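Asker: Generate coordinates for the sequence data below:
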Amino acid sequence: MAPKMVSSFRRSLSFQSHTSHSKPKKTLHARSASLPCPSHPITFQLRDKIDDLKDWAVMESGARTSGWLCDGLARMKMVHDLLDDLLQLPQTRDSLRGGGQHPDLLEKLLEDFLRFVEVYSMFNTLVLRLKEECTAAQIAVRRRDDSKIAVHSKNLNRIGKEISNLVCTFHCMGKLSMPASHDGEAELIEVVNDVIEVTRVISATVFGGISNSSAFRKPSSIGISFKKKVKSEEGIKELEEINLDDLLGLRKKTEESVKNVSKKMHEMEDCIMEIEGSGERVFRSLINARVSLLNILTQ
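Answerer: Sure, this is the predicted structure:
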């Protein structure tokens, strides 16, 4: 499918520089020619949002709820929206087209963002499968069907493992080396490196928060290999409150106990639905940024 502009998603940008008119225009041009080009306001906003995202990642483990996780995904979407805005600037497009000291910069970004898009496409598919399994498990719980509960527990564990394995996709993504001189191209490379790195780290935190939750792993599975790679490996609170393996033998439990389990299962499904929506929004933002990169390449 041929790449196209995504004009309908653009935000209106109006950053006017206040230039003094006390000096002749020619004199002002002559003086500014030898000065380094100042950072665009979008770059400053992007750096601020990256810092905010890093602050989000160090939240205390006790506060790690589905709301916290969705907030992190929303912050990451904002980072990529701002990166997309940066890609619309003429100086950015010229720098990426011209090559400078990094003629492969545009190709590298296209490759990295293709990987991000693929990972979040798989993530959204897996979250949808989690939701479907959770819905089916609720029916099995109401019917006190131990055999079905065991099957859905196994399926949830398998999907959780697949989510944790998504992190491995990022291992081959390296940073671009910085040029010796600090100019517009160096600043662009620096901020792009920060966006890519924070996307990798936050994605690992999100994937780990889900896959290491009790609802999606066996009680004996601690996820040691994954913990070595990700600092923020704690599970999500709402997903820690239930594990289907612990529900076997519901036929011997009271009706009230079964109702309580069903209520928790319903809350877990609502939590998964919120994560699903947040993941979809990140996915669309990543698509927009990659389309903008393709437009730079083809126009």
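Asker: Could you list the low-pLDDT ranges of this structure?
Answerer: Where the chain drops to pLDDT under 70, the residues are 1-38, 60-62, 98-103, 172-184, 218-233.
Asker: can you map out the helices along it?
Answerer: Under the criterion DSSP state H, helices of the chain are mapped to 25-32, 41-57, 66-87, 90-98, 105-142, 146-165, 184-211, 224-227, 255-298.
Asker: Reformat the ones you listed into CSV and put mean neighbour count and distance to Gly249 next to each item.
Answerer: No exception for glycine: its C-beta is placed from N, CA and C like everyone else's. Below are those laid out as CSV (neighbours: other Cβ atoms under 10 Å; distance: least, Cβ to Cβ, whole Å):
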stretch, mean neighbour count, distance to Gly249
helix 25-32, 10, 78
helix 41-57, 16, 39
helix 66-87, 21, 28
helix 90-98, 15, 61
helix 105-142, 18, 12
helix 146-165, 18, 7
helix 184-211, 21, 26
helix 224-227, 12, 29
helix 255-298, 18, 11
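Asker: Name all residues that make contact with Ser213.
Answerer: 160, 235-236, 239-240 (Cβ atoms under 8 Å, 6 or more residues apart in numbering).
Asker: Sort out which of those are buried, if you could.
Answerer: Among the contacts of Ser213, those buried by neighbour count (16 or more other Cβ atoms under 10 Å) are 160, 235-236, 239-240.
Asker: so which pair among these is furthest apart in space?
Answerer: Put simply, by Cβ to Cβ the two of those set farthest apart are Gly160 and Glu240, 12.5 Å from each other.
Asker: what do those two both touch?
Answerer: Here Gly160 and Glu240 share the contacting residues 213, 215, scored by Cβ under 8 Å, 6+ apart.
Asker: follow-up on the earlier one: can you redo the helices of the chain as JSON lines with distance to Leu248?
Answerer: Formatted as JSON lines, the helices of the chain follow (distance: least, Cβ to Cβ, whole Å):
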{"stretch": "helix 25-32", "distance to Leu248": "74"}
{"stretch": "helix 41-57", "distance to Leu248": "36"}
{"stretch": "helix 66-87", "distance to Leu248": "26"}
{"stretch": "helix 90-98", "distance to Leu248": "57"}
{"stretch": "helix 105-142", "distance to Leu248": "11"}
{"stretch": "helix 146-165", "distance to Leu248": "5"}
{"stretch": "helix 184-211", "distance to Leu248": "22"}
{"stretch": "helix 224-227", "distance to Leu248": "26"}
{"stretch": "helix 255-298", "distance to Leu248": "12"}
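Asker: Among the ones you listed, which comes closest to Leu244?
Answerer: helix 146-165 (3.5 Å).
Asker: Can you name every helix or strand that that closest one contacts?
Answerer: In terms of contacts (3 or more Cβ pairs under 8 Å, 6 or more residues apart in numbering; DSSP states H and E), helix 146-165 is packed against helix 105-142, helix 184-211.
Asker: now what about that helix, what contacts it?
Answerer: Contacts of helix 146-165 with the rest of the structure, by Cβ under 8 Å, 6+ apart, involve 123, 126-127, 129-130, 133-134, 136-137, 139-141, 207-208, 210-213, 215-218, 221, 223, 226, 243-245, 247-251.
Asker: How far off centre is it?
Answerer: Chain-centre distance of helix 146-165: 24 Å, with Cα atoms, centre = their mean, to the nearest Å.
Asker: What separation is there between the closest residue to Ile196 other than its chain neighbours and Val167?
Answerer: Nearest non-adjacent residue to Ile196, counting by Cβ to Cβ, 6 or more residues apart in numbering: Asp112, 5.7 Å away. Separation of Asp112 from Val167 (Cβ to Cβ, to the nearest Å): 15 Å.
Asker: Over to stretch 242-249 now: how far is its first residue from its last?
Answerer: 15 Å (Cα to Cα, to the nearest Å).
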